[in-house]
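Asks: 3D, please:
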Amino acid sequence: MNELNKLLQHYKRKGLLIDTNIMLVLFVGRVNRQRISEFNRTEKYTAKDYDTLVKITKKFVKIVTTPNILTEVNSLINQLKDPERSQCLKLFSQLLSRIDEFYLESKQISEMEKFAKFGLTDCGILDLAKDRYLVLTDDFKLANYLQSVGVDTINFANIQQFYYFKP
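Replies: Numbers count the residues shown, from 1 in each chain. Purely as a prediction, here's the structure:
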């Protein structure tokens with residue numbers, strides 16, 4: 001837990017890059033906490049996980065993202081039924097004015113060495129976060145790779161398994 005707190009403190013002002021599934025949990029939970037465990041795209045999470053995510057994100061001055069992450073989140077939100085779909089999209093629209101979005105050329109990303117293994121969104125995360133931002137993901141394979149190349153990463157699955165996050 002001490003290492004987690006060190007990472008949170010170190011990146012507090014620099015920023016947090018939130019991966020797709022984690023961001024989706026934040027939207028779904030904000031609209032309907034019960035839906036988190038009922039929606040097929042977030043069913044492995046609980047309302048308690050949502051609370052933990054909110055506590056973590058509140059610690060950061062800046063949240064950063066890429067158009068690829070936002071596109072994935074938008075597509076997944078569209079799988080909800082109304083009125084929750086519309087409520088999530090409204091929140092999504094409000095969030096866009098409060099986050100820093102960085103465009104990375106798809107052509108440039110596709111030329112990265114690990115593109116065939118990780119694809120557009122995850123390689124974009126690697127490119128943007130390296131030496132700049134803390135990454136919060138639930139993707140075990142991505143988290144391990146990012147950590148192996150020196151990108152500070154929190155795998156939310158580890159927080160679920162081993163920690164009860166306290167502010």
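Asks: can we go C-alpha only for contacts and neighbour counts from here?
Replies: Fine.
Asks: CA-only coordinates of the helix or strand of the chain with the lowest mean pLDDT in CSV, if you can.
Replies: When the helices and strands of the chain are scored by mean pLDDT, DSSP states H and E, helix 156-162 comes last with a mean of 75. Listed next in CSV are the C-alpha coordinates belonging to helix 156-162 (Å, rounded to 0.1, in the frame of the first residue of the first chain):
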residue,chain,number,x,y,z
PHE,A,156,-6.7,-2.0,-10.6
ALA,A,157,-7.1,-5.8,-10.2
ASN,A,158,-4.2,-5.6,-7.7
ILE,A,159,-6.1,-3.0,-5.7
GLN,A,160,-9.2,-5.2,-5.8
GLN,A,161,-7.3,-8.3,-4.6
PHE,A,162,-4.8,-6.9,-2.1
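Asks: next, the buried residues of the longest helix along the chain.
Replies: Of all the segments assigned as helix in the chain under DSSP state H, the longest by residue count is helix 115-129. By 16 or more other C-alpha atoms under 10 Å, the buried positions in helix 115-129 come out as Phe118, Leu120, Thr121, Asp122, Cys123, Gly124, Ile125, Leu126, Asp127, Leu128, Ala129.
Asks: what residues does the least confident helix or strand of the chain touch?
Replies: Defining contact as C-alpha atoms under 8 Å, 6 or more residues apart in numbering, one finds that helix 156-162 is touched by Asp49, Leu136, Thr137, Asp138, Phe140, Phe165.
Asks: list the contacts of the first one.
Replies: Under the criterion of C-alpha under 8 Å, 6+ apart, the contact list for Asp49 reads Gln160.
Asks: quick one: secondary structure of it?
Replies: Classification of Asp49 by DSSP: H, G, I helix; E, B strand; the rest coil places it in helix.
Asks: against Pro83, how distant is it?
Replies: Distance from Asp49 to Pro83, counting by C-alpha to C-alpha, to the nearest Å: 23 Å.
Asks: one step back: which strands and helices lie in contact with the longest helix of the chain?
Replies: Packing partners of helix 115-129 (3 or more C-alpha pairs under 8 Å, 6 or more residues apart in numbering; DSSP states H and E): helix 67-77, helix 106-110, helix 140-148.
Asks: so for the shortest one, what's the average pLDDT?
Replies: It stands for helix 106-110. Across helix 106-110, pLDDT averages out at 90.
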